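Novice: Sequence and predicted structure below; questions after.
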Amino acid sequence: MKIPEIKKEDLLIQPINIAQTIPSSWYTNKNIFDFEVSHLINANWQYAGHLSQISNIGDYFLFEISGKPILVVKSDDEEVKAFYNVCRHRGGPLALDNGNCKLFQCKYHGWTYKLNGSLHKTPQFGPVEDFNKDEFGLVPLKLEVWENLIFVSVLNPVESLNKILRGVKDRIIPNDLTSKKFYKRVKYHVNCNWKVYVDNYLEGYHLAFVHPSLSKLLSSAEYKTETSEYYSLQYSPLKDDTNFYGEGNAYYYFVFPNIMLNILPGRLQTNLIQPIDNNKTLVIFDYFYDDIHSYANVKKMEEGLRLSDEIQLEDIMICEKVQKGLQSGVYDRGRISVQSEQGVYHFQSLLKKKLKENIDEN
């Protein structure tokens, strides 16, 4: 499939010291946006939730990928499964909110399904010829679990999660992600292209200018970026004199194309960037902590949430301003800081590579 708005020369990957940023049209064009959703977002693993959300048989939760309604359930055999939240009769929803059930019942006409997705009963549906119930089970999705985090894909990713995230568990020792317990979900709507938000996340260049509070927690002199095949890592020691998280490092992982894992002592923050339109994005934060019950830690968690909200509002402000700049018609491309924007270069190079592969294949 050819995209007229993507020129062949725009897909060239040059060394960082002579590279330019991707064209402004990639942040504003609807055809490019639709192509990215189909061939990047839907074709890669998407963070869905946590095993603690489905502790008991019949527990389930709902979410969406690219507007597609999905449910994740703990089945009778205690396996975690993902299905489209779509009845095979006429497309009605099986569930309207998170919960627990023994059978899923469509909220439109009452068809029921077992927890393994097989069709159970079809009330007031006879006689119908050539109807095989076995052919009308719920449509499953590919699912994998990593460190108690659940990932789902609309299509079939080429690589397993373990391969994509290889090295992360060892790199963050003594942090243990499996000890974390879910605390809260927070959502933000941002009027910018999803890649604007990702670009912003991937560099500490802007910290001193946009995030004065965060700059007090991190050691800018020791702020480093590392890149791997499928992810990049920004990390910094926490300043002992001003930090309330404890001794250790802050690790900011970006997993291509749109997942972030922010790891601090005793805390995990997942961040899913959901493209909504070419200039609209939904950002979903889930917060996990080792201790979610003691008074002292609840107080610390709420202070962390307050700081995180402050940082996100600052990011939203600058990202929305950048989107306007990209739409202004006076900007097309910029240059990349070799010292401070390795993460941006890594993301945009992967983006070019994956777009080129899909354009060539189609």
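Specialist: Great, that's in hand.

Novice: need the helix or strand of the protein with the lowest average pLDDT.
Specialist: When each helix and strand of the chain is scored by mean pLDDT, DSSP states H and E, helix 212-217 comes last, with a mean of 68.

Novice: And the next helix or strand past that one?
Specialist: Per DSSP states H and E, the first helix or strand lying C-terminal to helix 212-217 is strand 224-227.

Novice: Give me the sheet partners of that following strand and which way each runs.
Specialist: Here strand 224-227 has these sheet partners by DSSP bridges: strand 231-237 (antiparallel).

Novice: start to end distance for stretch 182-198?
Specialist: 24 Å (C-alpha to C-alpha, to the nearest Å).

Novice: Sorry, slip of the keys, the one I care about is stretch 10-30.
Specialist: 17 Å.

Novice: Isn't residue 66 up against residue 42?
Specialist: Yes - Residue 66 is within contact range of residue 42, at 5.7 Å (criterion: C-beta atoms under 8 Å). Heads up, the C-betas are built off the backbone N, CA and C, glycines and all.

Novice: which stretches of the stretch 1-150 of the chain form strands?
Specialist: 46-50, 59-65, 68-74, 80-84, 99-100, 104-105, 112-113, 119-121, 140-146, 149-153 (DSSP state E, counting those that start in this stretch).

Novice: Each with direction, which strands does the fifth one pair with?
Specialist: Partner strands for strand 99-100, per DSSP bridges, with pairing direction: strand 59-65 (antiparallel).

Novice: next one: the fourth one
Specialist: Within its sheet, strand 80-84 is paired with strand 68-74 (antiparallel), strand 140-146 (antiparallel), according to DSSP bridges.

Novice: the inter-axis angle of the first one versus strand 149-153?
Specialist: Pointing back at strand 68-74 there. If you take axes from the mean of the first three to the mean of the last three C-alpha atoms, to 10 degrees, strand 68-74 sits at 140 degrees to strand 149-153.

Novice: Single out the most deeply packed of the strands paired with strand 80-84.
Specialist: Greatest average neighbour count among the strands paired with strand 80-84 goes to strand 68-74 (a mean of 20), per mean count of other C-beta atoms under 10 Å.

Novice: Alpha carbons of that strand, as PDB, please.
Specialist: Output in PDB follows, covering the C-alpha atoms of strand 68-74 (Å, rounded to 0.1, in the frame of the first residue of the first chain):
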ATOM      1  CA  LYS A  68     -12.100  -1.900  19.300                       C
ATOM      2  CA  PRO A  69     -14.000  -3.100  22.500                       C
ATOM      3  CA  ILE A  70     -12.100  -5.800  24.300                       C
ATOM      4  CA  LEU A  71     -12.600  -7.800  27.500                       C
ATOM      5  CA  VAL A  72     -10.000  -9.800  29.500                       C
ATOM      6  CA  VAL A  73     -11.300 -12.600  31.700                       C
ATOM      7  CA  LYS A  74     -10.000 -15.200  34.100                       C
END
